[in-house]
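> Below is the structure, and that's it, no one-letter string:
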DNA sequence: CTCCGCATTCCACTGAGTGCAAGCCCGGGC
DNA sequence: GCCCGGGCTTGCACTCAGTGGAATGCGGAG
């Protein structure tokens, strides 16, 4: 072909999907070409194929969006809706008891991904969305996932600059390392106003046979609750789920 | 290349994703090759690329599964989690009032896809799963989606054999056509024991500017409730959502 | 009318992708 | 030990699917 060497067709297709983000869920063909750095004609052909299959859809405005077929296939991810289906009843129980935000997240590389949330109507509004990513070093779920992550992941996160969200965010690697040790010791994590000054979260691990696979948290107004009192509730829910997944209880 | 002509790389990649179904969410490389009809070496290379990107994952057993990254991208589908985010609060309200199963579905080609559900603990157990497909001619949501679908879709569905689920399933095209007219006249659909003999469902359309984009339903035990009494509730919820999406109220 | 931005189609060229075949690894039977 | 069978991975020579520049269509704004 005449194409610039070194780029496989598959990688181009995946690059197209990568161009869609929560911030820009609808793109024109030329925007896609700009974002991927590919020629317009190439993007046009690849997009047409994705369109035919249902991975992309075109709205009335002519823009491309992620198609329902891709959502369908994505819902088969065991760590996505699969995990959600198992966790939801337990999360609902936790919500019944506390009437606060309940969140479920897993680790993906060096970040976390929110899988499900029960948003209490009268609880603190949370900024994240289901399917969204976040750093590991600040939230309750993040601290749990990081504490039980492979050492390689921990080292990478500790070596990279730790973004500051509030004045209470832990950005010193040494201090974060001690926090993680503490999380492993007590079996839960508390993130007190480390993401926003409004909220505090308490999180516990969910274990499968292969280790900690997810984390569950309660997010509450920072002045409304005692984290140490909430911890047993979250831990208990985590243990129920761990048992459901065949994991050891910690 | 030496490859058999007529099959694009993209279509092969997508065929790999197609091989994963709710019934078989984990596959070995050879199973993938068998299902797609592609040579093992080809599958191996395509799968390696999907693996590297995160579209696929390999479990501890070495089997391939849909990866979290694909779920993440899929969650950007406006008709998937996007719609869900809008609808969930209203669905929760409906659940609070009725304590019955609440379901949200959209049409994809000639079938429906369930987007979200609130499963009442003490309500009828439903057989479908979020992300799953179903025929249009039997369920409440299906009848609504079919009634407001483009004529082309209606004709295709009416021309194809209509699968029978119970003795009450409408399988006669003429009768189904009259049912659809009735749905459009009254603005809601009732499916009385047409899917299982246990349950009955009442559904209403959700309208956006471009027309009916989704349907909402209550699924209840067939002997527990009067569908005509439930209809106004479902319709009201549908109208709230229609307004949120900028659709005309019907 | 022309210009601009975006989408679509054309076409000659070529290297990315193919599929066979051979090799590898592991476990089970003998 | 040795061989066999199932799965996975790699090497290699061949070639067509895919490429990207350029040309064309298509509105809408000036």
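Nice, I can see it. All of these numbers come straight from a predicted model, not from anything done at the bench.
> which stretches of chain A aren't confidently modelled?
A:249-250 (pLDDT under 70).
> Can you give me the domain assignment for it?
In terms of domains, chain A is parsed into A:9-73, A:78-244 (source: automatic domain parsing).
> export those to a markdown table and tack on mean neighbour count and distance to residue B:17?
(Each C-beta comes from the backbone N, C-alpha and C, glycine too.) Listed next are those as a markdown table, based on neighbours: other Cβ atoms under 10 Å in any protein chain shown; distance: least, Cβ to Cβ, whole Å:
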| stretch | mean neighbour count | distance to residue B:17 |
| --- | --- | --- |
| domain A:9-73 | 18 | 5 |
| domain A:78-244 | 19 | 14 |
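> and of those, who's closest to residue B:165?
Nearest of these to residue B:165, taken as Cβ to Cβ: domain A:9-73 at 21.7 Å.
> Return the residues in contact with the residue most central in space within chain A.
Centroid-nearest residue in chain A: residue A:113, 1.0 Å away (criterion: Cα atoms, centre = their mean). When contacts are counted by Cβ atoms under 8 Å, 6 or more residues apart in numbering or on different chains, residue A:113 touches A:105-107, A:131-133, B:68, B:72.
> and what of residue A:135?
By Cβ under 8 Å, 6+ apart, the neighbours of residue A:135 are A:111-112, A:142, A:162-163.
> Could you list the paired strands of the strand or helix carrying residue A:116 along with their orientation?
Assigned by DSSP states H and E, residue A:116 falls within strand A:111-118. When pairing is defined by DSSP bridges, strand A:111-118 lines up against strand A:101-108 (antiparallel), strand A:133-135 (antiparallel).
> which residues of chain A fall in strands?
Remark: strands assigned in chain A by DSSP state E are A:26-27, A:56-58, A:64-66, A:101-108, A:111-118, A:133-135, A:189-192, A:199-208, A:211-221.
> can you tell which of these is closest to DNA strand D?
Across the strands of chain A, DNA strand D has its closest neighbour in strand A:56-58 (14.6 Å, Cβ to the nearest atom of the strand).
> what's that closest one in contact with?
With Cβ under 8 Å, 6+ apart as the test, strand A:56-58 has contacts from A:16, A:47, A:50-51, A:64-68, A:70, B:77-79.
> How about that strand and DNA strand D, touching?
No - judged by Cβ under 7 Å from any atom of the strand, strand A:56-58 stays clear of DNA strand D, getting no closer than 14.6 Å.
> right, is that strand up against DNA strand C?
No - against DNA strand C, strand A:56-58 shows no contacts by Cβ under 7 Å from any atom of the strand, the least distance being 8.1 Å.
> Any idea how far that strand is from the middle of the chain?
25 Å (Cα atoms, centre = their mean, to the nearest Å).
> How about stretch A:227-241?
Taking mean C-alpha positions (Cα atoms, centre = their mean), stretch A:227-241 and its chain are 20 Å apart.
> Kindly report the same for stretch A:13-33.
Distance, centroid of stretch A:13-33 to centroid of chain: 20 Å (Cα atoms, centre = their mean).
> follow-up on the earlier one: farthest-apart pair in the contacts of residue A:135, please.
Every pair of the contacts of residue A:135 checked by Cβ to Cβ; the farthest is A:112 and A:162, at 14.3 Å.
> Taking strand A:101-108 as reference, get the angle to the longest helix along chain A.
Secondary structure assigned by DSSP state H gives helix A:227-244 as the longest helix of chain A. Angle, helix A:227-244 to strand A:101-108, by axes from the mean of the first three to the mean of the last three Cα atoms, to 10 degrees: 60 degrees.
> which helices and strands sit right next to helix A:227-244?
For helix A:227-244, the elements it packs on are helix A:83-98, strand A:189-192, strand A:199-208, strand A:211-221, judged by 3 or more Cβ pairs under 8 Å, 6 or more residues apart in numbering or on different chains; DSSP states H and E.
> what angle separates it from strand A:199-208?
Using the same axes, to 10 degrees: helix A:227-244 against strand A:199-208 is 20 degrees.
> Run the angle between helix A:227-244 and strand A:211-221 for me.
150 degrees.
> Could you list the residues of chain A in contact with DNA strand C?
Contacts of chain A with DNA strand C, taken as Cβ under 7 Å from any atom of the strand, map to A:1-3, A:5-10, A:28-31, A:40-41, A:44-45, A:62-63.
> Narrow the residues you listed to those in helices?
A:9-10, A:29-31, A:40-41, A:44-45.
> Let's have these in CSV, adding distance to chain B.
Below are these laid out as CSV (distance: Cβ to the nearest Cβ, whole Å):
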residue, distance to chain B
A:9, 4
A:10, 4
A:29, 16
A:30, 20
A:31, 15
A:40, 17
A:41, 15
A:44, 13
A:45, 9
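> farthest pair in the residues you listed?
Based on Cβ to Cβ, the longest span within these runs between A:10 and A:30 and measures 22.7 Å.
> List phi and psi for residue A:160.
phi -80, psi 160 (degrees, to the nearest 10).
> Apart from its chain neighbours, what residue comes closest to residue A:220?
residue A:100 (4.7 Å; Cβ to Cβ, 6 or more residues apart in numbering or on different chains).
> go on, residue A:14?
The nearest residue in space to residue A:14 (Cβ to Cβ, 6+ apart) is residue B:53, at 4.7 Å.
> Contact partners for that neighbour?
Contacts here follow Cβ under 8 Å, 6+ apart; on that basis residue B:53 touches A:11, A:14, B:67, B:69.
> tell me the phi and psi of the closest residue in space to the last one that isn't next to it in sequence?
Yep, that's residue B:69 we're talking about. Closest residue to residue B:69 apart from its sequence neighbours, by Cβ to Cβ, 6+ apart: residue B:54 at 2.9 Å. Dihedral pair for residue B:54: phi 110, psi 10, per degrees, to the nearest 10.
> Next up, the contacts around residue B:54.
Contacts of residue B:54 by Cβ under 8 Å, 6+ apart are A:108, B:67-70.
> gap between the closest residue in space to residue A:153 that isn't next to it in sequence and residue A:146?
Ranked by Cβ to Cβ, 6+ apart and with sequence neighbours excluded, the top spatial neighbour of residue A:153 is residue A:110, at 6.0 Å. Computed as Cβ to Cβ, to the nearest Å, the residue A:110 to residue A:146 distance reads 9 Å.
> With residue A:218 instead?
Applying Cβ to Cβ, the value for residue A:218 to residue A:146 is 18 Å.
> for residue A:171, same thing?
Residue A:171 is 14 Å from residue A:146, by Cβ to Cβ.
> For residue A:147, give me its contacts.
Per Cβ under 8 Å, 6+ apart, neighbours of residue A:147: A:180-181, A:183-184, A:189, A:205.
> can you rerun that using 6 Å?
A:180, A:183-184 (Cβ atoms under 6 Å, 6 or more residues apart in numbering or on different chains).
> how about residue A:106, what does it touch?
A:79, A:113, A:115, A:214.
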